[in-house]
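In: how would this look folded up:
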Amino acid sequence: MGRGGSVISPPTAMMVAAYELKSASNWWDQIDDSPLWQDRIYHILAALFGVVSFVALVQLIRIQLRVPEYGWTTQKVFHFLNFVVNGVRSLIFVFRREIQKLRPEIVQHVLLDTPSLAFFTTYALLVLFWAEIYYQARAASTDGLRPSFITINAVVYAVQIAMWLIMWWKPLPIVVILSKMFFAGVSLFAALGFLLYGGRLFLMLQRFPVESKGRRKKLQEVGYVTTICFTCFLARCIMMCFNAFDKAADLDVLDHPILNFIYYLLVEILPSSLVLFILRKLPPKRGITQYHPIR
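Out: Numbering: from 1, shown residues only. Prediction:
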């Protein structure tokens, strides 16, 4: 003991520090275990997804009003799918507690996994669009791109449906792990697709003169979207790997609201919002050379 105060022994100081650290970490568990906080967080996620869905719908309507003479173009389909995916996600989080009670359990997996499949299709469409622009600029054939896009998506959906049927027939934990690892593989494939075709298109545009303001904007647009989408799908792949093997990282349970909030904010809400903002420019009314209708 010194004058004017006391000296805390090292063991006591360590115990105090450990207690404070434990108290600081308890807030996460307290929120996860609170039905009130679960509902609050899931409703916030529902609201955020709803806003993104509404923005995509408004952009789709604006494009249709600008170029009504075109049919279902790649750009229109992209915004429509964003509207649907985010709208369904919003409804799922609104009724998250009810969905958690559904039986058989396979129904929960279908409802929670289907938007992820549609999210992959939505952004794979953007990769297709860039691939078409890249090959057309190099005077190469694009005839095989759309059949490849359809085939890849058909295989992904067929494999996932097969896993759902297996889980329904015999719900083994290993099948659930395989399903989540399959999603991780699909996300990695999408990330590599953005890196490949977004990177190629960016480098090609970089070689052209960039004196014009429009060319500079297009270069920035491709660079930003490539970076955002590559990072998003890579993070999704890593998180799904943890989700498959670590129960503490399970996104399919009701009592992990903070983890759900962080995951969906980083890999769906924020990337979708940024991409919709970057691609907000309306197409010119006529004389479009890089505006491809869906056939």
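In: What lies in contact with stretch 248-262?
Out: The contact list for stretch 248-262 (Cβ atoms under 8 Å, 6 or more residues apart in numbering) reads 28, 31-33, 37-38, 41-42, 44-45, 96-97, 100, 108-109, 112, 239, 242-243, 263. (Each C-beta comes from the backbone N, C-alpha and C, glycine too.)
In: Alpha carbons only: can I get that stretch in PDB?
Out: Extracted C-alpha coordinates of stretch 248-262, given in PDB (Å, rounded to 0.1, in the frame of the first residue of the first chain):
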ATOM      1  CA  ALA A 248     -21.300 -20.900 -33.900                       C
ATOM      2  CA  ALA A 249     -21.400 -19.600 -37.500                       C
ATOM      3  CA  ASP A 250     -24.700 -21.200 -38.500                       C
ATOM      4  CA  LEU A 251     -26.900 -18.700 -40.300                       C
ATOM      5  CA  ASP A 252     -29.900 -21.000 -40.500                       C
ATOM      6  CA  VAL A 253     -30.900 -20.700 -36.800                       C
ATOM      7  CA  LEU A 254     -33.000 -18.100 -35.200                       C
ATOM      8  CA  ASP A 255     -30.700 -17.300 -32.300                       C
ATOM      9  CA  HIS A 256     -27.800 -15.900 -34.400                       C
ATOM     10  CA  PRO A 257     -29.300 -12.500 -35.400                       C
ATOM     11  CA  ILE A 258     -26.100 -10.400 -35.200                       C
ATOM     12  CA  LEU A 259     -24.200 -12.900 -37.400                       C
ATOM     13  CA  ASN A 260     -27.100 -12.800 -39.900                       C
ATOM     14  CA  PHE A 261     -27.200  -9.000 -39.900                       C
ATOM     15  CA  ILE A 262     -23.400  -8.800 -40.500                       C
END
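In: Can you give me the buried ones in it?
Out: 250, 252, 254-261 (16 or more other Cβ atoms under 10 Å).
In: Identify, from the residues you listed, the entry nearest to residue 282.
Out: Closest to residue 282 out of the buried residues of stretch 248-262 is residue 261 (32.9 Å), distances taken as Cβ to Cβ.
In: Now intersect the buried residues of stretch 248-262 with the helices, please.
Out: 257-261 (DSSP state H).
In: neighbours of residue 284, just the number please.
Out: Using other Cβ atoms under 10 Å, residue 284 has 10 neighbouring residues.
In: do residue 176 as well
Out: Residue 176 has 17 nearby residues by other Cβ under 10 Å.
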